[in-house]
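> Need coordinates for the below:
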Amino acid sequence: MARKTQISKEVILEAALKMLIRDGYSAINIKTLSKEIGCSTQPLVWHFENMEGLRKALSEYALNYANRKMCPSAENAVAAFEQVGRSFIHIAVSTPNLFRFLYLEGYSGSPADNFDALILDEDNAALIKRISKEFSISEENAGRYLQNTIIYTHGIATLAATGVINVSEKEMMQLVNCAADAFLVQEGVPLEKIPCEEETQK
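Model prediction:
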């Protein structure tokens, strides 16, 4: 009969995520995590076998946590896209260790081979169709707008998460919004058709 463990996988992963956010991934190992939980190392080995197993499970758990934070609620395509960008920047500023783990150290999944992977992503592809319809531009133009805005937002967030810049989230979003508007104009959208910041936040 298999042995039973009283410490669930969820409890271990929640504690690991807490450590990741607070101390960074380098602080996590079987011994430090078991100390954080207040148990022996046996439950961790039982559930994950070794650090590689724990790392893989934590990567998925942390990514799901971040994705829930970035889930948009707006119906308007541009507003929804802006909500994701705002949440992305908030993660970089408020939980830089998590941001670095997921988006700079490669633990959020396989790295993309090229920029086209950004617009081929299933969720982004659906958003491109919505943007194309809302602004009466081609999906190619909408895809270029989304791609450029993602790259710009990631750059701003990376500067914040690594401590290169120290500005408020509001200032960063103003920069992103200005750039995003410019990218839309670049793809043929008249400036007067682009919703202002107050409208996208409704």
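> show me the contacts for the spatially closest residue to Leu58 that is not a sequence neighbour.
Residue nearest to Leu58 in three dimensions, not counting chain neighbours: Ala16, with 5.0 Å by CB to CB, 6 or more residues apart in numbering. For the C-beta atoms, the positions are set from N, CA and C on the backbone; glycine is no exception. Taking CB atoms under 8 Å, 6 or more residues apart in numbering, we find Ala16 in contact with Ile28, Leu33, Leu54, Leu58, Tyr61.
> And the host helix or strand of Ala16, how far out from the chain middle?
Assigned by DSSP states H and E, Ala16 falls within helix 9-23. Chain-centre distance of helix 9-23: 18 Å, with CA atoms, centre = their mean, to the nearest Å.
> Show me the helices in this protein, by range?
Per DSSP state H, the chain carries helices over the ranges 9-23, 30-37, 42-48, 51-69, 77-94, 96-99, 116-120, 122-135, 139-161, 169-186, 197-200.
> Give me the buried positions along the second one.
Spelled out, it's helix 30-37. Residues of helix 30-37 classed as buried: Leu33, Ser34, Glu36, Ile37 (neighbour count, 16 or more other CB atoms under 10 Å).
> got the helices of the chain as CSV, with distance to Tyr107 and mean pLDDT columns?
Output for the helices of the chain, formatted as CSV (distance: least, CB to CB, whole Å; pLDDT from 0 to 100):
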stretch, distance to Tyr107, mean pLDDT
helix 9-23, 10, 97
helix 30-37, 16, 95
helix 42-48, 15, 93
helix 51-69, 4, 93
helix 77-94, 14, 91
helix 96-99, 10, 96
helix 116-120, 17, 63
helix 122-135, 19, 88
helix 139-161, 14, 94
helix 169-186, 23, 94
helix 197-200, 31, 54
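> wait, which of the ones you listed is closest to Gly106?
helix 51-69 (9.3 Å; CB to CB).
> So which residues make contact with that closest one?
Outside helix 51-69, the residues that touch it by CB under 8 Å, 6+ apart are 9, 12-13, 16-17, 20, 28-30, 33, 44, 47-48, 87, 90-91, 98, 101-102, 107-109.
> buried set for it?
Of the residues in helix 51-69, those buried under the neighbour-count criterion (16+ other CB under 10 Å) are Leu54, Arg55, Ala57, Leu58, Ser59, Tyr61, Ala62, Leu63, Tyr65, Ala66.
> Ser87 and Ser73 touch, don't they?
No. In this structure Ser87 lies outside contact range of Ser73 using CB atoms under 8 Å: 10.7 Å.
> ok, Phe183 to Ile137 distance?
11 Å (CB to CB, to the nearest Å).
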